[in-house]
Structures are given as C-alpha cells and as structure tokens.
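Asks: just a sequence and a predicted model for now, questions to come.
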Amino acid sequence: MSIDCRKLNKVTRKDHFSLPFIDQMLERLAGHAYYGFLDGYSGYFQIVIAPEDQEKTTFTCPYGTFSYRRMPFGLCNAPNTFQGCMSAIFDELIEQCMEIFMDDFRVFGDSFDTCLHNLTVVLKRCEETNVSLNWEKCHFMVKEGIVLGHKIFERGIEVDKAKVEVIEKLHPPNNVKAVRSFLGHASFYRRFIKNFS
C-alpha cells in the first residue's frame with residue numbers, strides 16, 4: 001500500500017540532520033583488507049513513531065482508518081531521522097571501524113582478526129539496540145564489495161562496472177531532459193574521469 005504524504009510533508013518541520021558525504025565515506029572505507037557488509041531489515045520500520053505523533057500519519061482505506069506506529073517511507077524526515085538514529089546507536093564506532101549510510105552498515109579491518117573483532121562489536125550493538133538485519137543480504141569477511149555504486153577494496157576505489165554498462169547503454173540524448181539525465185549519470189563518476197566538468 002502506498003500513502004500520499006505530500007500534504008503532511010508540506011506542514012512538517014524539517015529535520016536537518018545531514019546524511020554522510022559519499023566521497024568522504026568511500027575514502028574512509030577504501031584501503032582495508034577485510035570488510036563486513038550488513039543490511040538493515042525494513043530500515044525505516046525499525047523506528048517507532050512517538051504515540052502523540054502517530055495520529056498525524058492517519059490514512060483511510062477500504063478497510064478503515066489507520067495510523068502508523070512505525071516510520072513509513074514517504075515522510076520527508078524519514079531518511080534524516082533514520083540516519084540520525086543509526087548514528088546515535090553506533091556513534092563511537094563510526095569512522096573507527098564502520099561506516100553507515102541509511103540501512104547499510106560497512107565494517108572494516110586491516111586484518112582478518114581486526115575485522116572479525118569489529119564485526120563482533122557491531123553485531124553485539126545491533127543485538128543490544130534491537131537493530132534487525134537482513135541476513136540474506138549480509139556478507140562477512142570479504143576482501144571487496146560494492147558501496148553506493150563504487151567497488152571498494154584494499155587497493156582503493158573503482159567504478160562499479162555494472163553501472164558503467166548502464167551508462168554505455170543509454171540512448172544518445174535528443175532533448176534537454178535526456179541531456180540532463182545523461183549528465184546526472186555520468187557526473188556520478190566524475191572523480192574517475194579526467195578533465196570531466
């Protein structure tokens with residue numbers, strides 16, 4: 001079921017908790033020998049809405065009138081609130097042994113034993129704070145992985161080849177909207193393209 005939250009979002013006071021800068025996060029992740037990739041299960045739905053705010057999410061459908069008890073997709077503050085909660089839970093671990101972007105947690109270590117220790121600490125914190133993980137999407141003790149369209153590994157950062165193939169298969173732009181779309185795709189990898197501006 002999809003709920004149109006535009007009217008609610010229009011009158012909502014905006015949360016300005018900032019999301020991490022992707023380039024900085026990738027730089028901190030690259031160059032480690034081992035990684036653990038953890039995926040949060042039903043990300044936003046892990047955040048409980050304060051009882052006094054639940055009525056603000058009221059909606060009507062053929063089965064009655066309901067309100068959310070947990071944060072749904074579509075609320076304008078959902079990404080910032082979720083990132084803020086995860087940052088608070090893992091505060092002293094971020095940048096030391098892990099990075100978080102929304103519901104994707106990356107744990108790293110310069111040796112197998114270090115990464116295993118860091119992974120143990122992060123998983124224990126997940127257990128203590130009831131952060132649920134989607135085990136089917138988790139990868140443990142690997143030497144490389146894809147992070148936000150980039151391959152990270154001990155030697156550094158590379159472009160995800162699957163994303164390059166998507167760009168290569170784009171039809172030549174024939175109008176302003178198509179040019180903007182192409183430039184948006186291409187500029188995502190500007191750091192890897194010499195003299196790109």
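Replies: Done, it's in. Numbers count the residues shown, from 1 in each chain.
Asks: please, where are all the helices along this structure?
Replies: Under the criterion DSSP state H, the chain contains helices at 6-11, 22-29, 51-54, 78-89, 112-129, 161-168, 176-187.
Asks: could you say what helices and strands the first one packs with?
Replies: In this case it means helix 6-11. If contacts are counted by 3 or more CB pairs under 8 Å, 6 or more residues apart in numbering; DSSP states H and E, helix 6-11 sits against no helix or strand. In this view, the C-beta of every residue, glycine as well, is placed from N, C-alpha and C.
Asks: what residues does it touch?
Replies: Outside helix 6-11, the residues within contact range by CB atoms under 8 Å, 6 or more residues apart in numbering are 56-57, 74-76.
Asks: out of those, give me the one that has the most neighbours.
Replies: Most neighbours among the contacts of helix 6-11, by other CB atoms under 10 Å: residue 75, with 21 neighbours.
Asks: the closest residue to residue 153 other than its chain neighbours: what's it in contact with?
Replies: Closest residue to residue 153 apart from its sequence neighbours, by CB to CB, 6 or more residues apart in numbering: residue 144 at 3.6 Å. Residue 144 sits next to 35, 151-154 when contact means CB under 8 Å, 6+ apart.
Asks: show the pLDDT at residue 144.
Replies: Looking at residue 144, its pLDDT reads 97.
Asks: can you tell me how far it is from residue 192?
Replies: Distance, residue 144 to residue 192, using CB to CB, to the nearest Å: 17 Å.
Asks: which elements pack onto the helix-or-strand element of the chain with minimal mean pLDDT?
Replies: When the helices and strands of the chain are scored by mean pLDDT, DSSP states H and E, helix 161-168 comes last with a mean of 79. Packing contacts for helix 161-168, counted by 3+ CB pairs under 8 Å, 6+ apart, involve helix 176-187.
Asks: go again with 10 Å.
Replies: strand 144-147, strand 150-153, helix 176-187 (3 or more CB pairs under 10 Å, 6 or more residues apart in numbering; DSSP states H and E).
Asks: quick one: the first one to chain centroid distance?
Replies: This points to strand 144-147. Between the centre of strand 144-147 and the centre of its chain there are 13 Å (CA atoms, centre = their mean, to the nearest Å).
Asks: sheet partners, orientation included, of that strand?
Replies: Next to strand 144-147 in the sheet, as set by DSSP bridges, lie strand 150-153 (antiparallel).
Asks: pull out the buried residues from the contacts of residue 144.
Replies: Those of the contacts of residue 144 that meet the buried threshold are 35, 151-153, by 16 or more other CB atoms under 10 Å.
Asks: contacts only, for residue 130.
Replies: 46, 89 (CB atoms under 10 Å, 6 or more residues apart in numbering).
Asks: give me the pLDDT for it.
Replies: pLDDT, residue 130: 93.
Asks: where in the chain is pLDDT low?
Replies: Applying pLDDT under 70 to the chain flags residues 1, 193, 196-197.
Asks: one more pass at 90, please.
Replies: 1-8, 15-19, 41-46, 59-61, 72-74, 77, 148-149, 159-173, 178-197 (pLDDT under 90).
Asks: on that earlier part again, list the buried residues in the least confident helix or strand of the chain.
Replies: Applying 16+ other CB under 10 Å to helix 161-168 flags residue 163 as buried.
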